[in-house]
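>>> no sequence on this one, just coordinates:
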């Protein structure tokens, strides 16, 4: 019961903090031989962006694989953010990546599982 309440509280919190201008991001197929492992696991509605506050939300519950880390790279492939502790988070986590202190431009988000990598390119305005 406590777990159910916790999951419901997270969903309600996400609904409250997700602004009306949140935009659905489509996910491109991963590169290389990893695509067969992840293409059936990844749903299109896993990434959301809040353009006004420059925040990207990643809904882990919509991704049917266990994630180990997230890396964000700028257009020059320089790492601007990394979290290698995703494996510690619950599977129903809505992960937030804050781009408010980063310059506008294109970024690559890499979600790593223990066997594959999902890459998504986003534009921050």
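Received the coordinates, thanks. Predicted model only: the values in this text are computed from it and were never measured.

>>> In which helix or strand does the closest residue to residue 73 other than its chain neighbours reside?
Distance criterion C-beta to C-beta, 6 or more residues apart in numbering; nearest residue to residue 73, sequence neighbours excluded, is residue 108 at 4.6 Å. C-beta here means a position set from N, CA and C on the backbone, and glycine is covered the same way. Assigned by DSSP states H and E, residue 108 belongs to strand 105-113.

>>> Partner strands of whichever helix or strand comes after that strand and their direction?
Sequence order places strand 117-124 as the next helix or strand after strand 105-113, per DSSP H and E. Strand partners for strand 117-124, identified by DSSP bridges, are recorded as strand 105-113 (antiparallel).

>>> What lies in contact with the strand it pairs with?
37-38, 47, 56, 58, 63, 65-75, 77, 80, 86, 97, 99, 117-124 (C-beta atoms under 8 Å, 6 or more residues apart in numbering).

>>> Repeat the analysis, applying 7 Å as the threshold.
For strand 105-113, contacts defined as C-beta atoms under 7 Å, 6 or more residues apart in numbering pick out 65-75, 117-124.

>>> Mind giving me the ChimeraX command for buried ones among these?
Command for ChimeraX, covering only those of the contacts of strand 105-113 found buried under the criterion 16 or more other C-beta atoms under 10 Å:
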select :65,67,68,69,70,71,72,73,74,117,118,119,120,122,124
